[in-house]
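S.K.: Dropping a prediction and its sequence here:
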Number of protein chains: 2
Amino acid sequence: MSDLATTDQVLRLLLDGQPRTRAELIELSGLARSTVTGRIEELLAAGLVVPSGEAASTGGRPPARFRFNPTARLVLAADIGATHLSVALTDLTGEILHRSTTPLRIDEGPEVVLAAVARAGLALLREAGRSPADLAGTGVGLPGPVEHSTGRPNHPPIMPGWDSYDVVGRLGRELPGPVLVDNDVNIMALGEHATAYPDVDDLLFVKVATGIGAGMISGGRLHRGAQGAAGDIGHIQILGRTELCRCGNHGCLEAIASATALAAGLEGATTSQDIVDLVRSGNTAATTAVRQAGREIGTVLAAAVSLLNPSLIVLGGSLSQAGDSLLAGIRETVYARSLPLATTGLQVVTTRAAHDAALRGAAILVQQQALAT
Amino acid sequence: MSDLATTDQVLRLLLDGQPRTRAELIELSGLARSTVTGRIEELLAAGLVVPSGEAASTGGRPPARFRFNPTARLVLAADIGATHLSVALTDLTGEILHRSTTPLRIDEGPEVVLAAVARAGLALLREAGRSPADLAGTGVGLPGPVEHSTGRPNHPPIMPGWDSYDVVGRLGRELPGPVLVDNDVNIMALGEHATAYPDVDDLLFVKVATGIGAGMISGGRLHRGAQGAAGDIGHIQILGRTELCRCGNHGCLEAIASATALAAGLEGATTSQDIVDLVRSGNTAATTAVRQAGREIGTVLAAAVSLLNPSLIVLGGSLSQAGDSLLAGIRETVYARSLPLATTGLQVVTTRAAHDAALRGAAILVQQQALAT
């Protein structure tokens, strides 16, 4: 991995896909000719850069051009949910090349789940006709708080056996390259930002599913907070409410407006998908309940808007697929309860990256470290 | 200003105050010898770098050392409050060299107030025996939302005549160098961070005075939000409260827990200072009111802690000087209402930079642009 991890300005200048000559790279970087030449040799040797035709000659031998080679190495991206495992191979730009999804319960514990991640990843590599040595690294999303610097889950409420588990060490036994771990909502925010809104600097991604959480892009970068617990809006208390939450407190947003909370009050619904199906079939009770959940979530997001002043709130997670009811409820409260200044130009929309958001984001974790972007 | 604005890696390597030789600068920067040599000549000519003795010789002429010269240029910092104007001259590290404060009402409008800023700044320069040409730039804090990229106030509620006013253009007529403008709480957060907590990456600075606002350091950088309105926590609505706020809404935090709101309910108090004096004299009603205000502010900060997971909340503004009552009320609610994970290692403290925070922060605006740090 040292060839990738020590990446410098030369590779960074080529990441836009534009072929460039040695002279252009020297001028753009301000680096010494010998440094640039040596670096190009290393990148060519690693396959990360390939020759790309010749520039127009100004007399004499025409200068060679070089371009970034995004499939020189692959990234393994894993999105581990409460009840599923999705893995994908992406190129170094995060483009998904191959993928697979299987049912898997996170509460079977880290040994079982991470063995499945490695197995699924190695299977994808085989199917793609590539070797494990081609891996630039592995990015993993987990459904709970993660200390990003160590990759260890930090008191995750729905992941028995995972607290402080060495995810990096376990996967590193079977998969070459660095292993980067973050929580699922953070990687969804990264993936949504990179694929659908790369030019938006201040974005809040809100996942509404079994639980409720947010991922925050601030000044173009993910804000993880001091313990990796930023975005934990599901446990903000709603004044005057007393519903018991799975975290042990009362009146948490999650105990009022998550899919779990809604399903408990709706006949014929136990999962997010059931609720989505009821709403899509025109069931009035379900539609009303989802819209009210949107309003409750909106009271918390109104405060978040005053605090963060994002230009975009993106709604994701399984319950976001329930048509416009959730979005309408959220918009209603956010626009009514935030100052006009903070809502000028604020958009509240449903995810575009959808199911790809988490996998794309997991790949970005690796890209950011491996390519030092 | 071009000599400062085009600053590159060479100057940045010297900002730590450590003298370095040409060879060390070449090695540390990776830049070409000719680039480093040329840059040092320019910096010497601008006075930003000065010779600083010689390194130990390894045979032959001992190599010259160069160091950053922080008083080569000065920064004018202005903190404009609702009823006061403070200005200071600082060196390029933000150290305050000279200062003055005068009463001045922001509602006299931008022409009057900004003329006073320029006058006070030029007077300080004269007293310091320095020329206006020595100014590296001017940093200004205003008591309302500011679009930082243009320096124009953005619908500020207590600043009649200031909306969209061209502060940069007006001051630029009299003061050389760039003019950078931000809101007062943002510059207090910058100043507190730089002077007291430079190693804390995630910090929330909360100002409690006539109004209530917050400045947020995320990943070591100020988070301004999309319209420069981030941190506007004074207008987050407290569920179930109906007090009329000066913004026109009901139940805003500011209408319940600001110094203005408290003074209205306390005999013998009209200003923050009156309340602070009452608390310090042992007045029970004032102490109880301030503590309760702390609890109300705490409900909003508890949500902010869940969302941002800061490691430090710093309490500033005039009401923060009212002993421990405010702090105790805030701590009580924040620790009771946030998840244990987000409060692990969370500290809630009173400002250390105190009155200097705003001026230091205003100077940092200029430093960050001028020295490209």
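M.R.: Great, that's in hand.
S.K.: helix or strand for whichever residue of the stretch 51-200 of chain A sits closest to chain B, which one?
M.R.: As assessed by Cβ to the nearest Cβ, chain B sits closest to A:His155 within the stretch 51-200 of chain A, at 5.3 Å. For glycine as for every other residue, the C-beta is placed from the backbone atoms N, C-alpha and C. Under DSSP states H and E, no helix or strand contains A:His155.
S.K.: Contact partners for it?
M.R.: Going by Cβ atoms under 8 Å, 6 or more residues apart in numbering or on different chains, A:His155 touches A:144-145, A:163, B:340-341.
S.K.: Next one: it relative to B:Arg246, how far apart?
M.R.: From A:His155 across to B:Arg246, the span is 42 Å (Cβ to Cβ, to the nearest Å).
S.K.: just to revisit the earlier point, got phi/psi on the residue of the stretch 51-200 of chain A closest to chain B?
M.R.: Note on A:His155: backbone dihedrals following degrees, to the nearest 10 are phi 50, psi 50.
S.K.: what's the answer for A:Asn283, then?
M.R.: phi -60, psi 120.
S.K.: now A:Val348
M.R.: Geometry field for A:Val348 lists phi and psi as phi -120, psi 120, criterion degrees, to the nearest 10.
S.K.: Just to check, it is in contact with A:Gly329?
M.R.: No: assessed by Cβ atoms under 8 Å, A:Val348 is found out of contact with A:Gly329, at 10.5 Å.
S.K.: Show me the shaky parts of the stretch 51-200 of chain A.
M.R.: The stretch 51-200 of chain A contains residues with pLDDT under 70 at A:57.
S.K.: what does it put close to chain B?
M.R.: Residues of the stretch 51-200 of chain A found near chain B (Cβ under 8 Å from any Cβ of the partner chain) are A:145, A:154-155.
S.K.: do you know how far A:Cys245 is from A:Cys252?
M.R.: Distance, A:Cys245 to A:Cys252, by Cβ to Cβ: 4 Å.
S.K.: More neighbours: those two, which one.
M.R.: A:Cys252 (26 against 20; other Cβ atoms under 10 Å in any protein chain shown).
S.K.: So for the more buried one, what's the pLDDT?
M.R.: On pLDDT, A:Cys252 comes in at 93.
S.K.: What are the boundaries of the strands in the stretch 1-150 of chain A?
M.R.: Along the stretch 1-150 of chain A, the stretches classed as strands by DSSP state E, counting those that start in this stretch are A:20-21, A:49-54, A:64-68, A:74-80, A:84-90, A:96-103, A:135-142, A:146-147.
S.K.: As TSV, the ones you listed with mean neighbour count would be great.
M.R.: What follows is the strands of the stretch 1-150 of chain A, written out as TSV (neighbours: other Cβ atoms under 10 Å in any protein chain shown):
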stretch	mean neighbour count
strand A:20-21	19
strand A:49-54	15
strand A:64-68	19
strand A:74-80	29
strand A:84-90	23
strand A:96-103	14
strand A:135-142	27
strand A:146-147	22
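S.K.: Now do the same contact list for the residue most central in space within chain A.
M.R.: Nearest to the mean C-alpha position of chain A, counting by Cα atoms, centre = their mean, stands A:Ile187 at 1.8 Å. For A:Ile187, the contacting residues are A:79, A:139, A:141, A:215, A:357-358, A:361-362, A:364-365, by Cβ under 8 Å, 6+ apart.
S.K.: With A:Asp91 instead?
M.R.: Residues in contact with A:Asp91 (Cβ under 8 Å, 6+ apart) are A:70-71, A:74-75, A:97.
S.K.: And for A:Gly81?
M.R.: By Cβ under 8 Å, 6+ apart, the residues touching A:Gly81 are A:106, A:143, A:184.
S.K.: Which of these fall within helices?
M.R.: Judged by DSSP state H, helices contain the following of those: A:Asp184.
S.K.: Kindly present the contacts of A:Gly81 as CSV, with separate columns for neighbour count.
M.R.: Listed next are the contacts of A:Gly81 as CSV, based on neighbours: other Cβ under 10 Å:
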residue, neighbour count
A:Ile106, 23
A:Pro143, 25
A:Asp184, 27
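S.K.: quick one: which of the contacts of A:Gly81 is nearest A:Gly234?
M.R.: Nearest to A:Gly234, judged by Cβ to Cβ, of the contacts of A:Gly81 is A:Pro143 at 11.6 Å.
S.K.: Find the residue closest to the closest one in space, skipping its chain neighbours.
M.R.: A:Asp184 (5.0 Å; Cβ to Cβ, 6 or more residues apart in numbering or on different chains).
S.K.: Distance check, the residue in the stretch 1-150 of chain A positioned nearest to chain B against B:Leu76.
M.R.: Nearest residue of the stretch 1-150 of chain A to chain B (Cβ to the nearest Cβ) works out as A:Ala32 at 4.0 Å. Here the distance between A:Ala32 and B:Leu76 works out to 39 Å (Cβ to Cβ).
S.K.: Show the model's pLDDT score for the residue in the stretch 251-373 of chain A that chain B sits nearest to.
M.R.: Per Cβ to the nearest Cβ, A:Asn309 is where the stretch 251-373 of chain A lies closest to chain B, at 2.6 Å. You'll see A:Asn309 listed with a pLDDT of 93.
S.K.: Contacts only, for the nearest residue to it once chain neighbours are set aside.
M.R.: Leaving out its chain neighbours, the residue that sits closest to A:Asn309 by Cβ to Cβ, 6+ apart is B:Gly225, at 2.6 Å. B:Gly225 is in contact with A:202, A:308-310, A:342, B:231, counting by Cβ under 8 Å, 6+ apart.
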